[in-house]
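S.K.: sequence and predicted structure, then a few things I'm wondering about:
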Amino acid sequence: MLPPLGALRVFEAAARLSSFSRAADELHVSHAAVSHQIRRLEEWFGRRLFRREKRGVQLVQEAEGLANALSSSFYHIAAEVECLKLRTNAEITVACIPSIATRWLIPALGEFLVDNANVAVRVVYAKAAQRLRENSCDVLITLGADISGDVFCTKLFSRMNKPVASPRYLQGKGDFTSAQQIAEAHLLHDESIVHWQQWFIKAGVPRPRIPTGPVFQDFNLLAAAAIAGHGVALCPVEVCRREIKNGDLIVLSDISVLEEESYFLVSKASRQEAVASFCAWFQQAINPAADGSLD
């Protein structure tokens, strides 16, 4: 059976400081409150714990072991409390390009927050090909590998682009089974017509025409236009695999471009525990069949 814990806290302070008044100041209580708690403790033990002197109090020899044990215990408790406060106040900033943020990060983020209620997450925009050293974020999800020596860099998705269209566009327009048929479609472009030009050359379309059609500055706008049925777009099939699986987009050809490019997850090599947890979670979220990491 333990004595009153509140009285033990007062006893430890009084023993360490050799003064009831200084103990009262440290604990933000009155001198009378300290005296009362010490009397309670002495009644519990059935013996005196302090000798009253003119300039304070002196701990009796028999109680020194208890005082030392309490001081050591309170020190370790304070250290653990501080560690817990740091863990429960963890905050990480994730910079993510819009195409990955809207399709993969934001839809799944609630799962991470439920399992990591002690972590506050701030999501900001990243530009394609941005590097971690160029941003004050803790985690960067972007296009292209970061070859800096002080980062973890993990491949998430290939950027392999293939022609896709929505069932709404294909209805009444044929199956687009050949590259030549695709070349005659209403084409949609992500920032530039260059990628379609590359695709036509790889597909062997004789003397491909100069591609026409709207150019979208942001991939999310391009994907929205394709799903709405405005034409045929070149899209990264891994990034859009949910839209493809759900039937919102249909892959029209296995001929692809940009296979050599990929999207990556980047964090500092000296990352904190919350950052490491987030990175492991996100890799699992985009590929549940993986065992924790992607090459």
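M.R.: Arrived safely. Numbering: from 1, shown residues only.
S.K.: lowest-pLDDT helix or strand in this structure?
M.R.: Using mean pLDDT, DSSP states H and E, the weakest-scoring helix or strand in the chain turns out to be helix 64-88, at a mean of 82.
S.K.: quick check: buried residues in it?
M.R.: Within helix 64-88, the residues scored as buried using 16 or more other C-beta atoms under 10 Å are 66-67, 70. C-beta coordinates here come from the backbone N, C-alpha and C atoms, glycine included.
S.K.: then stretch 107-118?
M.R.: 109, 112, 116.
S.K.: and the helices in the stretch 151-295 of the chain, which stretches?
M.R.: 167-170, 179-183, 194-203, 219-227, 241-245, 273-286 (DSSP state H, counting those that start in this stretch).
S.K.: hmm, who's touching the second one?
M.R.: Surrounding helix 179-183, the residues in contact under the criterion C-beta atoms under 8 Å, 6 or more residues apart in numbering are 163, 174-176, 200, 203-205, 208-209, 232, 252-253, 255.
S.K.: now do 7 Å
M.R.: 163, 174, 176, 200, 203-205, 208-209, 232, 252-253, 255 (C-beta atoms under 7 Å, 6 or more residues apart in numbering).
S.K.: how about low-confidence regions in the protein?
M.R.: Residue ranges of the chain with pLDDT under 70: 84-89, 208, 289-295.
S.K.: tell me the spacing between the residue lying farthest from the centre of it and Ser19.
M.R.: Within the chain, Lys54 marks the point farthest from the mean C-alpha position, 60.1 Å out by C-alpha atoms, centre = their mean. Lys54 is 12 Å from Ser19, where distance means C-beta to C-beta, to the nearest Å.
S.K.: follow-up on the earlier one: including neighbour count, could the contacts of helix 179-183 go into a markdown table?
M.R.: Converted to a markdown table, the contacts of helix 179-183 look like this (neighbours: other C-beta atoms under 10 Å):
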| residue | neighbour count |
| --- | --- |
| Pro163 | 27 |
| Gly174 | 11 |
| Phe176 | 20 |
| Phe200 | 23 |
| Ala203 | 18 |
| Gly204 | 10 |
| Val205 | 16 |
| Pro208 | 16 |
| Arg209 | 11 |
| Val232 | 27 |
| Leu252 | 20 |
| Ser253 | 17 |
| Ile255 | 15 |
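S.K.: now tabulate these in CSV and tack on distance to Arg39.
M.R.: Putting the contacts of helix 179-183 into CSV (distance: C-beta to C-beta, whole Å) gives the following:
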residue, distance to Arg39
Pro163, 87
Gly174, 96
Phe176, 92
Phe200, 94
Ala203, 93
Gly204, 98
Val205, 97
Pro208, 97
Arg209, 98
Val232, 88
Leu252, 88
Ser253, 89
Ile255, 89
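S.K.: inside strands: which ones of these?
M.R.: The members of those that map onto strands under DSSP state E are 163, 232.
S.K.: near Leu188, how many other residues are there?
M.R.: 25 (other C-beta atoms under 10 Å).
S.K.: cool, and Asp190?
M.R.: 22.
S.K.: what bridges to it?
M.R.: Phe216 (DSSP bridges).
S.K.: quick one: the helices in the stretch 1-150 of the chain, in order.
M.R.: 5-17, 20-27, 31-45, 64-88, 98-100, 106-115.
S.K.: remind me what the fifth one packs against, helices and strands.
M.R.: Which is helix 98-100. Secondary-structure packing of helix 98-100 (3 or more C-beta pairs under 7 Å, 6 or more residues apart in numbering; DSSP states H and E): helix 219-227.
S.K.: where's the helix it packs on relative to the chain centroid, distance-wise?
M.R.: Here helix 219-227 is found 26 Å from its chain centre; the criterion is C-alpha atoms, centre = their mean, to the nearest Å.
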